[in-house]
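Enquirer: got a structure for you, letters missing:
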């Protein structure tokens, strides 16, 4: 079994962060700041719309308002979960790079909660939104770089450091 030093492992991890985590982190953070607040505002605005449409017996409006509420609420919740997962991932990365694997093992619970927060947003972005294409770029490259799939490389490295480094 080949073993590399912890210093070399940290250096490799920083390279993994730059190559595999930087593009999706920037894309997902910008998505969070652009879409998250608007989805939350649409959700909040649809609540009085629903009450008004029910109170004034406006036909077909309650159903459409419920759809808007469900979609905007789900988008806001998924974006919040993804942002929480990104913050936890970045804090774990900082712990490993600055303090090493011994300190990272103390944050095992945070690692697993990071993965738990990330599951639904990753499923939504990779399975439920597969048809995003534009004339400017190939959809497959976009999905691979931006939807968070490449974050698995540094996440696996953190897991391996917690699990195998003694």
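Expert: That came through, no problem. This structure is a prediction, so every number in the text was calculated from the model and none was measured.

Enquirer: the closest residue to residue 104 other than its chain neighbours: helix or strand, and which one exactly?
Expert: Sequence neighbours aside, residue 96 is the residue nearest to residue 104 in space, at 4.6 Å (criterion: C-beta to C-beta, 6 or more residues apart in numbering). For glycine as for every other residue, the C-beta is placed from the backbone atoms N, C-alpha and C. Using DSSP states H and E, residue 96 falls within helix 61-99.

Enquirer: report all helices and strands that that helix contacts.
Expert: If you count contacts as 3 or more C-beta pairs under 8 Å, 6 or more residues apart in numbering; DSSP states H and E, helix 61-99 packs onto helix 6-16, helix 22-55, helix 101-105, helix 108-123, helix 152-164.

Enquirer: again, 6 Å this time
Expert: helix 22-55, helix 101-105, helix 108-123 (3 or more C-beta pairs under 6 Å, 6 or more residues apart in numbering; DSSP states H and E).

Enquirer: just give me the neighbour total for the residue nearest to residue 104.
Expert: Here the number of neighbours of residue 96 (other C-beta atoms under 10 Å) works out to 26.

Enquirer: same deal with the one 4 residues further on?
Expert: The number of residues packed around residue 100, counting by other C-beta under 10 Å, is 16.

Enquirer: and residue 41, how many neighbours?
Expert: 12.

Enquirer: same check, this time on residue 119
Expert: Residue 119: 11 neighbours (other C-beta under 10 Å).

Enquirer: quick one: contacts for residue 75?
Expert: By C-beta atoms under 6 Å, 6 or more residues apart in numbering, the contact list for residue 75 reads residue 39.

Enquirer: got the angle for the helix holding residue 96 vs helix 6-16?
Expert: Here helix 61-99 runs at 150 degrees with respect to helix 6-16, directions being taken by axes from the mean of the first three to the mean of the last three C-alpha atoms, to 10 degrees.

Enquirer: from the chain's centre, how far out does helix 61-99 sit?
Expert: 6 Å (C-alpha atoms, centre = their mean, to the nearest Å).

Enquirer: please apply the same query to stretch 149-159.
Expert: 13 Å.

Enquirer: buried ones in it?
Expert: In terms of neighbour count (16 or more other C-beta atoms under 10 Å), stretch 149-159 has its buried residues at 150-151, 154-155, 157-159.

Enquirer: just stretch 100-112 next, same as before
Expert: Using 16+ other C-beta under 10 Å as the test for burial, stretch 100-112 gives 100-101, 104-105, 107, 111.

Enquirer: residue 79 versus residue 47, what's the distance?
Expert: Residue 47 sits 19 Å away from residue 79, taking C-beta to C-beta, to the nearest Å as the criterion.
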